[in-house]
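Engineer: what follows is a protein structure lacking sequence information:
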DNA sequence: GGAAAAGTTCTTGTATACAAGTTCTTATGG
DNA sequence: CCATAAGAACTTGTATACAAGAACTTTTCC
């Protein structure tokens, strides 16, 4: 029944990422075991894993809570991503397979439609992730993308709180298009600055979300 | 008794890293629970963690073995380190605190002595790690150093198998000294190439270790 | 009334019994 | 003799009982 555990983990991650389970919420082993009709032993395994990925904080012999968003983690992950993606995209600009270009274009087309149709922020951001993940994959660095995902709990929630205005989404899309253009044209020298700005862009627009502070780690 | 678990983890990690527990060795929960005089429940917690960090592979409902060295992981971690360190050292070359310079120099002095005294490979590599960790710390990126450490099980063992000749150690030391010189002189432009070579250097000398192949993941 | 201490009721941590699955051995039939 | 199937002896996975610790409530004493 490994799949049952996986199911529960997926479920809890979703609830935490979409802030249904708010930072600070007490996580009780017995409550969870009743909810999912499973004993405490596998629940403990699940909590260990969620803790390792930053979703919850375990206080030994006291209890666990949904982790508060740690701005330090967010900043470090942004730095990591921006540094790696600069390098990766530079490499792609020297040599990218045609099939890869096609996949990237397809994603950008979908993002355009997303904006036209006024789809949800989540749908757009799903495509944003797909675009960046594709870059890693094309460069043979999916391994590193997966590592980053394991430390993403804080970053994703942060981004969610900073819900972007529609004009911001357009900006993101335009930058994606520009990145792709630079890759195609082999304009290696211009990539560094653009990617640097692109990864950090959403950090600059976090002002209009209410009740922000109570979710942040002090 | 969280410290008891930590002790056991530390012990097992050591035995795996120094190849006392060879890749492919079967890890039995009951055997470990007898050896450490503790029940299977905490042992399972320990195995989960060792698995997450790549030290062992768990085959559900079958058993666990000490992981074979995965060359793919090694290559990816080297890429990650080299990319990050290029960036970090460039930043340090623009602005490094005096105290940091002193610490780095102290480490290099110890490495010199290490070579003079014909100390063990392990002692030298401990100082190598200390040097690089210090660079991360000075740049405010200890967070990222710690992430890398979590995926180091393959890299460390690989490096160990590639036991370096003494002249190679001298080369490493000289490169460290050069890195430090570039940082001090602010020669940002020269750093990239040097660090790139430095991180990848040990990859080029893996030819003279016997029985290498049986430890490698196919 | 307030403070400190004892006791109750939570929490998680550990040990163990049992269930379920895998592998190895043995036996049986062709 | 070999192949296949049945069963025994392992493995890990789960449930549960119990231990130990933390927090909260109540009581007792000043």
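Structural biologist: The structure has been received and is ready for your questions. No experiment lies behind these values; they were computed from the predicted model shown.
Engineer: mind checking the longest helix of chain A?
Structural biologist: helix A:71-94 (DSSP state H).
Engineer: buried residues in that helix?
Structural biologist: Buried positions in helix A:71-94, judged by neighbour count with 16 or more other Cβ atoms under 10 Å in any protein chain shown: A:73-93. C-beta coordinates here come from the backbone N, C-alpha and C atoms, glycine included.
Engineer: so how far does stretch A:137-152 reach from one end to the other?
Structural biologist: 18 Å (Cα to Cα, to the nearest Å).
Engineer: could you pull up the mean pLDDT of that stretch?
Structural biologist: Stretch A:137-152 shows a mean pLDDT of 97.
Engineer: and if you look at stretch A:178-191?
Structural biologist: Stretch A:178-191 comes out at a mean pLDDT of 89.
Engineer: about what we covered before: hmm, who's touching the longest helix of chain A?
Structural biologist: Applying Cβ atoms under 8 Å, 6 or more residues apart in numbering or on different chains, the set of residues contacting helix A:71-94 from outside is A:54, A:100, A:132, A:135-136, A:138-139, A:141, A:144, A:148, A:151-152, A:154-155, A:158, A:179, A:182-183, A:185-188, A:191-192, A:195-196, A:199-200, A:203, A:216-217, B:80, B:83-84, B:87, B:141, B:143-144, B:147.
Engineer: that one: how far from the chain's middle?
Structural biologist: Here helix A:71-94 is found 13 Å from its chain centre; the criterion is Cα atoms, centre = their mean, to the nearest Å.
Engineer: next SSE after it?
Structural biologist: Note on helix A:71-94: by DSSP states H and E, the next helix or strand toward the C-terminus is helix A:98-116.
Engineer: show residues contacting whichever helix or strand comes after that following helix.
Structural biologist: As assigned by DSSP H and E, the chain's next helix or strand after helix A:98-116 is helix A:121-138. Helix A:121-138 is contacted from outside by A:81, A:85, A:88-89, A:92, A:96-97, A:100, A:103-104, A:107-108, A:110-111, A:114-115, A:142, A:144-145, A:159-160, A:163-164, A:169, A:172, A:176, using Cβ under 8 Å, 6+ apart.
Engineer: redo that, cut-off 6 Å
Structural biologist: A:88, A:100, A:103-104, A:107, A:110-111, A:114, A:142, A:145, A:163, A:169, A:176 (Cβ atoms under 6 Å, 6 or more residues apart in numbering or on different chains).
Engineer: Provide the angle between the direction of it and the direction of helix A:71-94.
Structural biologist: 50 degrees (axes from the mean of the first three to the mean of the last three Cα atoms, to 10 degrees).
Engineer: now the lowest-mean-pLDDT helix or strand in chain A: buried residues?
Structural biologist: Using mean pLDDT, DSSP states H and E, helix A:188-200 stands out as the lowest-scoring helix or strand of chain A, at a mean of 84. For helix A:188-200, a neighbour-count test (16+ other Cβ under 10 Å) marks A:191, A:194-195, A:198-199 as buried.
Engineer: what does stretch A:17-33 give?
Structural biologist: Judged by neighbour count (16+ other Cβ under 10 Å), stretch A:17-33 contains these buried residues: A:17, A:21, A:23, A:27, A:29, A:32-33.
Engineer: tell me, how many residues neighbour residue A:61?
Structural biologist: The local packing of residue A:61 (other Cβ atoms under 10 Å in any protein chain shown) involves 6 other residues.
Engineer: confirm it sits in a strand?
Structural biologist: No - assessed with DSSP: H, G, I helix; E, B strand; the rest coil, residue A:61 is coil; it does not lie in a strand.
Engineer: how far away is it from residue B:38?
Structural biologist: 17 Å (Cβ to Cβ, to the nearest Å).
Engineer: which residue is nearest the middle of chain A?
Structural biologist: residue A:156 (4.3 Å; Cα atoms, centre = their mean).
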